[in-house]
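J.: Can you look at this prediction? I've put the sequence above it.
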Amino acid sequence: MGKVRKSKNRVPAISTASLPDIVFMLLFFFMTVTTIKDSPLLVENELPLADQIKKLEKKDRVIEIYVGKPAQEYTKVLGSEPKIQLDQKLAYVEDVAPYVLAELAKKPDAIRNLVTVSLKVDKNVGVGIVQDIKEELRKVNLLKVNYTTYDGNALAQMK
Amino acid sequence: MPRRKGAPEVNAGSMADIAFLLLIFFLVTTTIETDAGLDRMLPPMEPPEEDVVIKQKNIFTVNINKNGQLLVEDELMQLKDLRKAAIAFLENGADGTCNYCQGRKDPASSDNPSKAIISLKNDRETKYSTYITVQNELVGAYNDLRDREAQRIFGRDFTEMEAEYLNPETASSIRDDLKDKVKRVQDMFPQKLSEAETTSN
């Protein structure tokens, strides 16, 4: 056993003492950038595919509206008609305008006219309810909308 | 009495393992999501002061029924042919003033890209994915034309220039330069997409 030590020109072992520090640094990085989804989805939300898309850059300039059939565990209570989810609760079409205005009021003055409404609509929903929401948004003069989609071949999904 | 030893040193050898475990957990659960989608401007609520008369030939009507079938200019059409048809309509240039159009100059179709309007009509029952696909194809038609012109004038794609212009990380000097270019190409083929109210029959 002792002879192993004697073998000449052994590369000294690399010190792993700072390994925990490095890993902790990475860990803290990921902990800070992670955004755990704050609003649990009450509706099914499988977005359609499109490829002519633009990115929604800043999160603070976006108001989200979810539309879809109630999630599986709620279908017994809520039926299977498409519903609108604002923040954390389900709402009716009439609630969209007050909600959007309330959200808008929370934003700082400077970015108020840059706010985009992101419509996250399940791909199996009829266009009618989306049309109603758009009508509500027009009433409160919020005209920038973004039909949020996944990136993908739009034509392929029709088959 | 023998001298008391201090508290025994805690072995920190497994610290790395614990940290790795946490790290891997966060790596797996993190989804750095950036949303993307089709940008649209809704028409304002107030109707325009006076009714504008638009020639029928300058309107490209697209109807979607509740089964997802397309009626384009009163003819049944497949989704995959829509983009081509829209491009042909947009750059028709019947009045001859559009010198960059490569259309057929059909007198029965649009006069000029700046006058050409695409009108989209859909049923309330139309599936959202169909609606998005149609919108995507129409936006695609505009983007194809703009890309072609941008490629001809500036040697790069319009979509690429626009993305760089909209990206907040781009330096402002580059952005100012891009702004004019983007504007110029946009004005060559202004996006005029009108959506009528949905019908329920």
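T.: Received, thanks.
J.: switch to C-alpha atoms for all contacts and neighbour counts from now on
T.: Will do.
J.: where along the chain do the helices fall?
T.: As the question left the chain open, I've gone with chain A. A:2-6, A:19-33, A:75-78, A:96-106, A:127-139 (DSSP state H).
J.: other chain: chain B
T.: Using DSSP H, helices in chain B cover B:15-29, B:79-90, B:128-153, B:158-166, B:172-188.
J.: which of these is buried the deepest?
T.: Mean neighbour count (mean count of other C-alpha atoms under 10 Å in any protein chain shown) peaks for helix B:128-153 among these, with a mean of 21.
J.: now for it, which elements pack on it?
T.: Packed against helix B:128-153 by the contact rule (3 or more C-alpha pairs under 8 Å, 6 or more residues apart in numbering or on different chains; DSSP states H and E) you find strand A:49-50, helix B:79-90, helix B:158-166, helix B:172-188.
J.: any chance of the helices of chain A in TSV, with mean neighbour count too?
T.: Output for the helices of chain A, formatted as TSV (neighbours: other C-alpha atoms under 10 Å in any protein chain shown):
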stretch	mean neighbour count
helix A:2-6	7
helix A:19-33	15
helix A:75-78	11
helix A:96-106	15
helix A:127-139	19
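J.: Can you lay out those helices as a markdown table showing distance to residue B:42 and mean pLDDT?
T.: Below are the helices of chain A laid out as a markdown table (distance: least, C-alpha to C-alpha, whole Å; pLDDT from 0 to 100):
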| stretch | distance to residue B:42 | mean pLDDT |
| --- | --- | --- |
| helix A:2-6 | 78 | 51 |
| helix A:19-33 | 34 | 82 |
| helix A:75-78 | 31 | 81 |
| helix A:96-106 | 15 | 91 |
| helix A:127-139 | 7 | 89 |
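J.: Redo those as JSON lines? Include distance to chain B.
T.: Listed next are these as JSON lines, based on distance: least, C-alpha to the nearest C-alpha, whole Å:
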{"stretch": "helix A:2-6", "distance to chain B": "24"}
{"stretch": "helix A:19-33", "distance to chain B": "4"}
{"stretch": "helix A:75-78", "distance to chain B": "20"}
{"stretch": "helix A:96-106", "distance to chain B": "14"}
{"stretch": "helix A:127-139", "distance to chain B": "4"}
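J.: could those be laid out in TSV, adding distance to residue B:119?
T.: Converted to TSV, these look like this (distance: least, C-alpha to C-alpha, whole Å):
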stretch	distance to residue B:119
helix A:2-6	84
helix A:19-33	43
helix A:75-78	36
helix A:96-106	26
helix A:127-139	15
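J.: how near is the closest residue to residue B:60 other than its chain neighbours to chain A?
T.: Spatially, and ignoring its direct neighbours in sequence, residue B:60 is nearest to residue B:118 (4.7 Å; C-alpha to C-alpha, 6 or more residues apart in numbering or on different chains). Residue B:118 sits 17 Å away from chain A, taking C-alpha to the nearest C-alpha, to the nearest Å as the criterion.
J.: My guess is residue B:118 contacts residue B:63. True?
T.: No: if you go by C-alpha atoms under 8 Å, residue B:118 and residue B:63 don't touch, sitting 10.7 Å apart.
J.: before we move on, the earlier item: will you turn the helices and strands packed on helix B:128-153 into TSV that also has distance to residue B:30?
T.: Listed next are the helices and strands packed on helix B:128-153 as TSV, based on distance: least, C-alpha to C-alpha, whole Å:
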stretch	distance to residue B:30
strand A:49-50	22
helix B:79-90	37
helix B:158-166	26
helix B:172-188	32
